[in-house]
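Q: Pasting a predicted model and its sequence here:
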Amino acid sequence: MSVADTLRPEARQAVLGMRAAGVRRIVMLTGDNEGTAKAVADEAGVDEFRAELLPQDKLGIVQELARTHGHIAMVGDGINDAPLSRRPPWA
């Protein structure tokens, strides 16, 4: 028996909508294990994923992406994303 996250039905459509709006690169940051993250990323259609992250790891990666790409946006879905939602780390 195994337990796995299921992708929300609207997730793939949301990724397609972001692409239609001009978003060029979509990166998923998650605390999930590598296998689960890969499956979700493949199903959602994101460009890149990074797995097994703690909240502070996500913060560092968001800062790195902002330095590298300039304009970025972040969407979080839970309490583990709280360090990112207090103040935009790229501001």
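A: Done, it's in.
Q: F49: what secondary structure?
A: strand (DSSP: H, G, I helix; E, B strand; the rest coil).
Q: just checking, it touches T36?
A: No - with contacts counted by CB atoms under 8 Å, F49 stays clear of T36, the gap being 10.0 Å. C-beta: built from backbone N, CA, C; applies to glycine.
Q: These two: which has the busier surroundings?
A: Between F49 and T36, F49 has the larger neighbour count (other CB atoms under 10 Å), namely 20 against 17.
Q: Would you mind writing the CA trace of the longest helix along the chain as CSV?
A: For the chain, the longest helix by residue count, based on DSSP state H, is helix 55-69. Provided in CSV are the C-alpha atoms of helix 55-69 (Å, rounded to 0.1, in the frame of the first residue of the first chain):
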residue,chain,number,x,y,z
PRO,A,55,10.8,26.3,4.2
GLN,A,56,14.1,28.0,4.6
ASP,A,57,15.4,26.1,1.5
LYS,A,58,12.5,27.4,-0.5
LEU,A,59,13.2,30.9,0.6
GLY,A,60,16.9,30.6,-0.6
ILE,A,61,15.8,29.2,-3.9
VAL,A,62,13.3,31.9,-4.5
GLN,A,63,15.9,34.5,-3.7
GLU,A,64,18.3,32.8,-6.1
LEU,A,65,15.7,32.7,-8.9
ALA,A,66,14.9,36.4,-8.4
ARG,A,67,18.6,37.2,-8.8
THR,A,68,18.9,35.1,-11.8
HIS,A,69,15.7,35.9,-13.6
